[in-house]
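> Below are the sequence and a predicted model for it; my questions follow.
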Amino acid sequence: MNQIIQDPAKLRSFCSDLASNAAFWEAMLKDLENGMGRLGDSWRDDQYHAFKNEIYSVLRTLEKFSEDTKKTIDELNKDAERLEKFQSVGR
């Protein structure tokens, strides 16, 4: 018989840490995007456009990661809730 060995409080703590990190990266992405806008005010040649395209490609990847992280946090919180219910039944 399989046993579930997990502490919902630790899972929620991890979710909290993950959410803090996600918020940090979202702020960094906004700063980078704003910085690219300012850079474009003075740098207007083909190299800038190539650099801009490269940066925005990375930004899109990181934004996707951020979206996936939010979904994972939601799923883990639901798992913690289910674990709490399961553990309360066994008491």
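Received it, and whenever you're ready, just let me know what you need. As the structure is a prediction and not an experimental result, all values here were calculated from the model.
> Run through the neighbouring helices and strands of the helix or strand that contains residue 41.
In the assignment (DSSP states H and E), residue 41 maps to helix 8-42. Packing contacts for helix 8-42, counted by 3 or more C-beta pairs under 8 Å, 6 or more residues apart in numbering; DSSP states H and E, involve helix 46-89. For every residue, glycine as well, the C-beta is placed using N, CA and C.
> average model confidence for the helix it packs on?
The pLDDT scores in helix 46-89 average 92.
> Next: stretch 20-38.
The model assigns stretch 20-38 a mean pLDDT of 92.
> which of the residues in it are buried?
Residues of stretch 20-38 classed as buried: 22, 29, 36 (neighbour count, 16 or more other C-beta atoms under 10 Å).
> Tabulate those in TSV, adding columns for distance to residue 87.
Below are those laid out as TSV (distance: C-beta to C-beta, whole Å):
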residue	distance to residue 87
22	27
29	38
36	48
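> between these, which is closest to residue 72?
Closest approach to residue 72 among those (C-beta to C-beta): residue 22, at 9.4 Å.
> Look up how far residue 83 lies from that closest one.
22 Å (C-beta to C-beta, to the nearest Å).
> Over to residue 53?
45 Å.
> who has more neighbours, those two?
Counted by other C-beta atoms under 10 Å, residue 53 and residue 83 do not tie: residue 83 has more neighbours, with 17 against 10.
> Can you name the residues that contact the closest residue to the more buried one other than its chain neighbours?
Of all residues not flanking residue 83 in the chain, residue 8 sits nearest, at 4.4 Å (C-beta to C-beta, 6 or more residues apart in numbering). Residues in contact with residue 8 (C-beta atoms under 8 Å, 6 or more residues apart in numbering) are 80-81, 83-84, 87.
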